[in-house]
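In: Here is my input, please return the structure:
(2 chains, ligands or ions: 2)
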Amino acid sequence: MAEKVALTGNDAAATAFKQVNPDVAAVYPITPQTELMQLFAGFVADGLVDTELVAVESEHSAMSAAVGASAAGARVFTATSSQGLALMWEIVYIAASLRLPIVMATVNRALSGPINIHCDHSDSMGARDSGWIQIFSENAQEVYDNIFQAFRIAEDHNVLVPVMVTLDGFILSHTMETLELLPDDVVKEFVGEFEPATNLLEVKNPVKIGPLHLTDFYFETKRAQVEAMERARGAILDVADEWEKLSGRKYGYFDEYRLDDADVAVVVLGSAAGTAKDACDQMRDEGVKAGVLKLRVFRPFPGKEITTALRHLKAVGVMDRSCSFGLEGGPLFNEIRAAAYDTDLKLTGQIYGLGGRDVTIDHIKSIYAELGKVAESGRIDPLTWFVGVRD
Amino acid sequence: MAIPADTKWKDMPLGGMVPEPGTSEEYQTGTWRTFRPVLDTDKCISCLTCWILCPDSAIIVEDSKVTGINYKHCKGCGICARACPDKVKAITMKLESEFND
Ligand code: SF4
Ligand code: SF4
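Out: Ligands and ions are numbered 1, 2, ... in the order given. As a prediction, this is how the structure comes out:
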C-alpha cells in the first residue's frame, strides 16, 4: 500500500512523472525547476522509465517539442519556471489551441525584472488566459497527487486541454516534506493507457495540425476551445473523486478550512495556505472566527462556487502573490470580486510575497485584524493593500 | 473536402485541424494575383525551370512539355518569368487589369 517518504516538491513531482512513465519529456533547465528534470533525467538514465528525453536549447523549443510529440500521439510532459514560461509563451497558447493534452509542472518564480529566483505567482498568472488548466498545490503531497490527476483531466476526450500544475519555487520545490506515494501499479491503472486524439504519424488518415485560420475560422475554433475549458469543470471533480477513492485524499476546486462558521476569511493560492491555516488557528484561539479558502483550481475559474462558499462571511481578504499594474489589487482579487458582483460580499485584496518575500503568521493575522474592522463597521477602506513591503 | 465556410463552432474539427490531406487544391490563391504570367508556347523550349521554381505548382506540364499555367492557384509572383532563360523569355507578366475574365 501507500509508502511514506520524505521528498522535496521537485522530487515529488519527478517521482509522479516517473510513475506515469510518459512517452516524451522536453527538458530545459531553469531555477528552481532544474532539479525536477535533473531527477527525472536520472530515472531515464537508470532505465526506470521508457520516456524519450528531449534536451532542447530553450523553453521555446521545449514547448515546441512537447507540441510536436503530443500532436504525433505521444503522452508528453515538461516543466519550467518564470522566465522559462515567459520564453515559451507563444507555444503555450498554441498547445492549448491545438487541444494537446500536455502536462507541465510550473515551479512558480517571480518574473524579471528585477531579476529574482524566488517564489511568486507572476509567471502562472501571466499565463492565465493562455487556455491552460491551472492547478495550484499547497505542499509536496498535493504536487504529487495533482500530477496524476492532471494527466487524466487533460487527456479526457471531452476536454483535451493542457494542464499546468504549479508548485511554489523553493518553498515547495526545495523543501523536504513527508508524503505518501501510491504503488506503481495503482497509479498506472489510475492514469491508464494514453489514447491520443491527434496522431500525426497515422499515415492512413493524414491530417494537418496548426493551419492558418483567418477571419473565416479562427473565431469558431476559439469558441470551441472556450467550451472545452468549460467541460474541464466536470472532469476535474470526477477525477478528484476517483483519486480520493485510491488515496483517501479529497480534492475539489478549493479546500475550505474552518470556513463553515467563520466571520472573516482569507482566500489564498499555493504554499501560503499552510501559513494561513496556522494564522487562522491562532485567531480562533484568540476568539476570532477566522477561516481559510485555499483555491486549487484557478483555471477554469470556479467563481460561482467560491462566492457560494464565502457568502456567509462578514469580510474576506483575497491574497495575491502577483500584481496587475494599473489595476487595483491582484488577479485573484479582481476575479473573485467580479464573480461576487451580484452579492453583498465585503471583499478586500492583499498583495504579498512578491519575489519570495516571506509571508508570516503575523502578516496574515494582520489581515484578519483588518477584516475584523471591515466586519464591524461594514465599511471597506482601503480596498486593497500590500502586506510585508517596507513603507 | 475542405471545411465548409459556414461550419458552426460545434462542428469544427479538434483544434482547428484540417482532417484530410490535399485540401489546398481547393484554396484558390489565384484571386490574390496582381500580375498574370502569360506563356508563349511557341517560344517555350520546355526546359522546366519555371516548373521547378513555381512556389504554387501552377505550371502545367503534360508529357514533359509546359502547356499552360493554372490561374486558379498562380499568385502572380513572377518567378517563372524571371527564371525563364534570357534567350527564350517565353513568359511575360501582364497587369490583371488588362484582362476581362
Ligand atoms: S507567377 Fe509565380 S505562381 Fe504564377 S506561375 Fe509564375 S512562378 Fe508560379
Ligand atoms: S522556363 Fe521558360 S522555356 Fe523553360 S519551361 Fe518555363 S516557360 Fe518554357
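In: Alongside ligand 2, which residues does chain B contribute?
Out: B:39, B:44-50, B:66, B:83-84, B:88, B:90-91 (C-beta under 6 Å from any ligand atom). In this view, the C-beta of every residue, glycine as well, is placed from N, C-alpha and C.
In: With secondary structure and neighbour count added, can I get those residues in CSV?
Out: Output for the residues of chain B next to ligand 2, formatted as CSV (DSSP: H, G, I helix; E, B strand; the rest coil; neighbours: other C-beta atoms under 10 Å in any protein chain shown):
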residue, secondary structure, neighbour count
B:39, strand, 20
B:44, coil, 18
B:45, coil, 13
B:46, coil, 16
B:47, coil, 14
B:48, coil, 14
B:49, helix, 17
B:50, helix, 25
B:66, strand, 23
B:83, helix, 15
B:84, coil, 24
B:88, coil, 14
B:90, coil, 21
B:91, strand, 22
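In: Mind listing what's buried along stretch A:207-218?
Out: Of the residues in stretch A:207-218, A:207-209, A:211, A:213, A:217 count as buried by neighbour count, 16 or more other C-beta atoms under 10 Å in any protein chain shown.
In: For it, which outside residues touch it?
Out: Residues from elsewhere that reach stretch A:207-218, judged by C-beta atoms under 8 Å, 6 or more residues apart in numbering or on different chains: A:71, A:94, A:98, A:198, A:200, A:221, B:3, B:5, B:7, B:12, B:15-21, B:23.
In: what residues are up against residue A:199?
Out: Residue A:199 neighbours (C-beta under 8 Å, 6+ apart): A:72-73, A:205.
In: if we go to 10 Å?
Out: By C-beta atoms under 10 Å, 6 or more residues apart in numbering or on different chains, residue A:199 lies in contact with A:71-74, A:205-207, A:209.
In: what's around residue A:282, how many residues?
Out: Using other C-beta atoms under 10 Å in any protein chain shown as the criterion, residue A:282 is surrounded by 16 other residues.
In: so what's it up against?
Out: Residue A:282 neighbours (C-beta under 10 Å, 6+ apart): A:288, A:290, A:361-362, A:364-365, A:368.
In: Now do whichever residue of the stretch 201-350 of chain A sits closest to ligand 2, the pLDDT please.
Out: Nearest to ligand 2 in the stretch 201-350 of chain A, going by C-beta to the nearest ligand atom, is residue A:212, at a distance of 29.5 Å. pLDDT for residue A:212: 91.
In: Over to the one 5 residues further on?
Out: Note for residue A:217: predicted pLDDT of 95.
In: Which members of the contacts of residue A:199 are classed as buried?
Out: In the contacts of residue A:199, burial by neighbour count holds for A:71-74, A:207, A:209, counting by 16+ other C-beta under 10 Å.
In: center of chain B - which residue?
Out: A centroid search over chain B (C-alpha atoms, centre = their mean) returns residue B:74, at 2.4 Å, as the residue closest to the centre.
In: how much space between that residue and residue A:19?
Out: 56 Å (C-beta to C-beta, to the nearest Å).
In: Settle this for me: residue A:137 is touching residue A:166, isn't it.
Out: Yes. Proximity of residue A:137 to residue A:166 meets the contact threshold set by C-beta atoms under 10 Å, at 6.4 Å.
In: Quick check: neighbours shared by these two?
Out: A:105, A:108, A:143, A:146, A:172, A:269-270.
In: and those residues near chain B, which?
Out: Residues of the shared contacts of residue A:137 and residue A:166 in contact with chain B (C-beta under 10 Å from any C-beta of the partner chain): none.
In: Alright, I will stop here.
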